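Q: Here is the input, now give the coordinates:
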Amino acid sequence: MNRNLSNPDISILLPFYNGAATLEQCLDSILNQSFNNFELLAINNGSTDDSENVVINKMGDDQRLMLFNLPEPGLIPALNFGLEQAKSELIVRMDCDDIMSPHRLQKQWQHMKQHPDCSLVSCQVRLFPDELVKDGYREYIRWQNSCITAQDIRDEIYWESPMAHPSVTFRKKDVLTLNGYRDGDFPEDYDLWLRMNQAGMKMEKLPEILLDWREGAKRLSRSDPRYNRAAFDILRGKFLAQDPRLSQGRPLVIWGAGRSTRLRAKHLLDNGFDLLAWIDVDENKIGNLVWGAPVEPPEWLLKQVDKPFVLSYVTVRGAKEKNRQLLEGMGYHRGRDYLMVG
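A: Take a look at the predicted model:
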């Protein structure tokens with residue numbers, strides 16, 4: 001495909017901060033894509049290491065690569081600046097420590113061209129280096145890579161963030177309709193996916209690994225308080241409270257256990273929801289009250305003539321799948337009768 005620098009098919013947003021150690025490998029993976037009609041906006045948001053020189057050395061005669069220096073650090077300002085500067089209607093996200101598969105751009109561009117109703121397409125990812133990946137994060141990626149269809153993403157979005165931020169391509173006009181990225185005490189990518197979901201925008205995932213996602217102590221999810229568990233819980237509760245599936249007149253039931261689950265559920269209940277019952281497998285808790293609702297065993301659900309809507313808040317490893325099987329066995333269908341909440 002020929003380049004058209006005045007009218008690129010894709011604009012790649014690559015904000016970076018002190019990424020000199022990994023930036024060259026990342027840039028090589030982008031500049032050597034099989035698809036080459038793109039512009040690459042490398043946005044330096046306050047680096048104090050040699051990152052800027054790494055980009056300058058890569059630029060050479062390649063006019064696809066442009067360097068922008070922002071006066072103050074900050075990921076959200078850098079991303080919104082990139083959206084303002086981008087010439088293309090298709091925006092690709094990338095982080096300076098990750099690596100693209102050689103055909104990622106080609107395949108995501110093709111999907112968006114063939115599916116004009118799709119607002120965002122992601123891909124499966126692979127964590128590296130393997131020796132740094134712990135079991136918990138490995139399980140998270142297994143789950144994330146299983147969220148493929150638009151329905152999967154819609155039904156699983158309250159469990160966790162279903163897409164890795166540097167794996168997505170989205171339509172600029174759709175994100176600008178939502179006023180771009182928001183800054184606040186929450187993960188900016190998960191917030192955007194939740195807002196797109198709330199707006200009814202279609203998000204899908206290609207069922208193949210097109211991004212190597214670097215694990216390490218410097219990952220923002222490890223070091224930034226906006227990515228801690230409480231931030232996710234508050235954000236989830238806010239958007240879950242506005243999901244139309246919870247406002248269709250059906251009684252609400254929560255399946256959970258322990259104090260931490262009760263506190264997570266409170267982010268939803270504080271928005272004016274009443275509980276019909278609280279489900280718990282612990283026989284010693286049956287008959288107690290949780291947030292004013294009686295605690296019932298799972299088989300209580302079978303006795304209900306009119307199915308309540310169930311939110312399963314159980315996050316113990318293996319329990320999510322067990323609860324899903326139990327609910328499906330009782331005639332409850334994911335998305336229609338129940339949702340899993342992380």
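Q: pretty sure residue 257 contacts residue 281?
A: Yes - taking CB atoms under 8 Å as the definition, residue 257 is a contact partner of residue 281 at 7.1 Å. Bear in mind the C-beta positions are built from the backbone N, C-alpha and C, glycine included.
Q: of those two, who's got more company?
A: Summary of the neighbour comparison: residue 257 and residue 281, criterion other CB atoms under 10 Å, with residue 257 having more neighbours (20 against 15).
Q: Leaving out sequence neighbours, find the closest residue to that one.
A: If the residues on either side of it in the chain are set aside, residue 257 comes closest to residue 280, at 5.5 Å by CB to CB, 6 or more residues apart in numbering.
Q: The one you found and residue 258: what is the separation?
A: Spatial separation of residue 280 from residue 258 under the definition CB to CB, to the nearest Å is 9 Å.
Q: Of these two, give the one with the bigger neighbour count.
A: In this view residue 280 and residue 258 are compared by other CB under 10 Å, and residue 280 has more residues nearby, 22 against 15.
Q: Next secondary structure element downstream of the lowest-mean-pLDDT helix or strand in the chain?
A: Ranking every helix and strand in the chain by mean pLDDT, DSSP states H and E puts helix 220-223 at the bottom, with a mean of 56. Later in the chain than helix 220-223, the nearest helix or strand by DSSP states H and E is helix 229-240.
Q: how much space is there between the nearest residue to residue 242 once chain neighbours are set aside and residue 70?
A: Nearest-residue entry for residue 242: residue 198, 6.3 Å, with adjacent residues in sequence omitted and distances by CB to CB, 6+ apart. Residue 198 is 30 Å from residue 70, where distance means CB to CB.
Q: more crowded one of these two?
A: residue 70 (17 against 14).
Q: Wait, the more buried one touches residue 41, no?
A: No - distance between residue 70 and residue 41: 11.4 Å, which falls outside the contact criterion (CB under 8 Å).
Q: With adjacent residues omitted, what lies nearest to residue 310?
A: Leaving out its chain neighbours, residue 310 is closest to residue 338 (CB to CB, 6+ apart), at 4.0 Å.
Q: Return the distance of that neighbour relative to residue 253.
A: Distance, residue 338 to residue 253, using CB to CB: 9 Å.
Q: can you check residue 340 too?
A: The span separating residue 340 from residue 253 equals 14 Å under the rule CB to CB.
Q: Can you list the neighbours in contact with the helix or strand harbouring residue 143?
A: Element membership of residue 143 [criterion: DSSP H and E] is helix 135-146. Helix 135-146 is contacted by residues 124-127, 152, 156, 159-164, 209, 213, 215, 317 when judged by CB atoms under 8 Å, 6 or more residues apart in numbering.
Q: out of those residues, who has the most neighbours?
A: Ranked by neighbour count under the definition other CB under 10 Å, the contacts of helix 135-146 are headed by residue 163 with 26 neighbours.
Q: Does it touch residue 211 like I think?
A: No - in terms of CB under 8 Å, residue 163 does not count as a neighbour of residue 211; the distance is 10.4 Å.
Q: could I get the longest strand along the chain in CSV with only the CA atoms?
A: Counting by DSSP state E, the longest strand found in the chain is strand 202-214. Once non-C-alpha atoms are left out, strand 202-214 reads as follows in CSV (Å, rounded to 0.1, in the frame of the first residue of the first chain):
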residue,chain,number,x,y,z
LYS,A,202,-19.8,-1.7,19.2
MET,A,203,-16.5,-3.1,20.4
GLU,A,204,-14.9,-6.3,19.1
LYS,A,205,-11.7,-8.2,19.2
LEU,A,206,-9.7,-10.1,16.6
PRO,A,207,-9.2,-13.7,17.7
GLU,A,208,-5.4,-13.7,17.3
ILE,A,209,-2.4,-12.3,19.2
LEU,A,210,-1.2,-9.1,17.5
LEU,A,211,0.5,-7.4,20.5
ASP,A,212,3.2,-8.4,22.9
TRP,A,213,2.3,-6.7,26.2
ARG,A,214,5.2,-6.1,28.5
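Q: mean confidence for that strand?
A: Along strand 202-214, the predicted confidence averages to a pLDDT of 98.
Q: How about stretch 53-71?
A: 94.
Q: Identify each buried residue in it, please.
A: With burial defined by 16 or more other CB atoms under 10 Å, the residues of stretch 53-71 counted as buried are 54-55, 58-59, 64-65, 70.
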